[in-house]
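Q: build me a model from this:
(one chain, ligands or ions: 1)
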Amino acid sequence: MSDQPAVLITGASTGIGAVYADRFARRGHDLVLVARDQARLEALAERLRRETGVAVDLLRADLADAADLAKIEDRLREDARIGVLVNNAGASLPGGFLDQSPDAVAGLVALNVTAPARLTAAVAPRFAAEGRGAIVNLGSVIGLAPEMGATVYGATKAFVLFLSQSLQTELGPKGVYVQAVLPAATRTEIWERAGKDVNALPAVMEVDDLVDAALLGFDRREPVTIPPLPDAAQWEAAEAARQALIPGFANARPAERYRAA
Ligand code: NAP
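A: Have a look, this model is predicted:
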């Protein structure tokens with residue numbers, strides 16, 4: 001057993017989550033891997049045990065299913081060896097908003113919003129009581145860009161960013177690190193699963209590069225890591241502009257422009 005905290009990674013059967021599993025295993029962390037595809041999880045676990053010697057547990061779960069999700073919540077609550085949660089599982093939807101049924105929209109919200117929120121709620125009290133722990137949430141640059149035409153997906157990722165930043169304020173002083181990772185287009189199955197051709201995109205990051213960059217941000221304890229963004233000062237300026245709005249919200253009366261003449 002490793003003396004480092006174990007890492008629970010959702011959506012670890014392929015893509016970004018599988019690379020996180022590989023990298024944390026090489027750093028000597030035991031793993032708890034979550035996804036629906038048992039065979040793929042087993043193949044990854046077998047390789048990582050053989051190559052790195054860490055212990056790897058598998059939890060097959062559909063995170064859009066409340067009963068399955070509850071099992072993962074229990075594990076996070078009860079297993080004190082788990083000191084890092086990576087909320088990575090996620091999906092997108094084919095087509096535009098008008099093509100998406102209410103059930104499809106609700107299913108995406110269940111996976112991209114409810115699951116990370118519930119898993120975080122399950123583990124955060126334990127981490128805060130211990131005064132340590134880390135929560136990594138996979139957002140997306142699309143959550144900053146309503147103009148990019150991925151309405152519900154983008155909204156779920158805006159939620160992930162807000163959740164992460166607000167938790168930084170609340171849990172940071174208690175010793176818990178929360179990171180939001182915002183990839184742009186990255187070469188994984190997510191595109192094909194949503195009926196999109198990744199090769200038609202102007203620029204696509206390789207998944208190893210994305211995760212290695214995200215882990216540099218993790219090691220630096222960055223609150224928000226945006227691997228593709230060349231100029232970090234742009235993000236800092238956007239954050240400063242947003243924060244400058246906040247004092248203006250504390251007013252008992254409507255702004256002058258909303259008062260009847
Ligand atoms: P991916 O290759 O499609 O992998 C998604 C992972 O989530 C798989 O392991 C999948 O495993 C799991 N998953 C999907 N639905 C699930 C469910 N209902 N229950 C449990 N697990 C489920 O996608 P990815 O690109 O690696 O995406 C990982 C995260 O990065 C997502 O949150 C995504 O929104 C975000 N992201 C990706 C990109 C990109 O361009 N790739 C860009 C920005 C953000 P099973 O099918 O075995 O369940």
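
Q: who touches residue 138 in this structure?
A: Neighbouring residues of residue 138 by Cβ atoms under 8 Å, 6 or more residues apart in numbering: 16, 86, 87, 88, 90, 160, 181, 183. Heads up, the C-betas are built off the backbone N, CA and C, glycines and all.

Q: between those, which is nearest residue 60?
A: Checking those against residue 60 by Cβ to Cβ gives residue 88 as the nearest, at 15.9 Å.

Q: identify the residues contacting residue 224.
A: For residue 224, the contact set (Cβ under 8 Å, 6+ apart) comprises 161, 164, 165, 179, 180, 182, 235.

Q: let's go with 6 Å and repeat that
A: residue 180 (Cβ atoms under 6 Å, 6 or more residues apart in numbering).

Q: next one: it from residue 74, what distance?
A: In this structure, residue 224 and residue 74 are 30 Å apart, going by Cβ to Cβ, to the nearest Å.

Q: do the same with residue 173
A: For residue 173, the distance to residue 74 equals 27 Å [Cβ to Cβ].

Q: show me the contacts of residue 138 that map onto helices.
A: 16, 160 (DSSP state H).

Q: among the contacts of residue 138, which are within reach of the ligand?
A: Among those, the residues lying close to the ligand (Cβ under 6 Å from any ligand atom) are 16, 88, 90, 183.

Q: how close does the last one get to residue 88?
A: Here the criterion is Cβ to Cβ. By it, residue 183 lies 10 Å from residue 88.

Q: which residue ranges of the protein form helices?
A: For the chain, applying DSSP H gives helices covering 15-26, 38-52, 66-78, 102-109, 115-130, 151-171, 190-193, 207-219, 232-245.

Q: report all helices and strands that the longest one contacts.
A: This means helix 151-171. For helix 151-171, the elements it packs on are strand 177-181, judged by 3 or more Cβ pairs under 6 Å, 6 or more residues apart in numbering; DSSP states H and E.

Q: what lines up beside the strand it packs on in the sheet?
A: Using DSSP bridges, the strands paired with strand 177-181 in its sheet are strand 134-138 (parallel), strand 224-225 (parallel).

Q: mean pLDDT and distance to the ligand added to these, as TSV?
A: What follows is the strands paired with strand 177-181, written out as TSV (pLDDT from 0 to 100; distance: least, Cβ to the nearest ligand atom, whole Å):
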stretch	mean pLDDT	distance to the ligand
strand 134-138	99	4
strand 224-225	98	12
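
Q: out of the ones you listed, deepest packed?
A: Of all the strands paired with strand 177-181, strand 134-138 has the most neighbours on average by mean count of other Cβ atoms under 10 Å, namely a mean of 23.

Q: just the CA trace of it, in CSV.
A: The C-alpha atoms that make up strand 134-138 are tabulated as CSV, following Å, rounded to 0.1, in the frame of the first residue of the first chain:
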residue,chain,number,x,y,z
ALA,A,134,-7.7,17.8,-3.2
ILE,A,135,-10.6,17.9,-5.6
VAL,A,136,-9.9,18.3,-9.3
ASN,A,137,-12.9,19.2,-11.5
LEU,A,138,-12.9,18.9,-15.3
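
Q: good, wrapping up.
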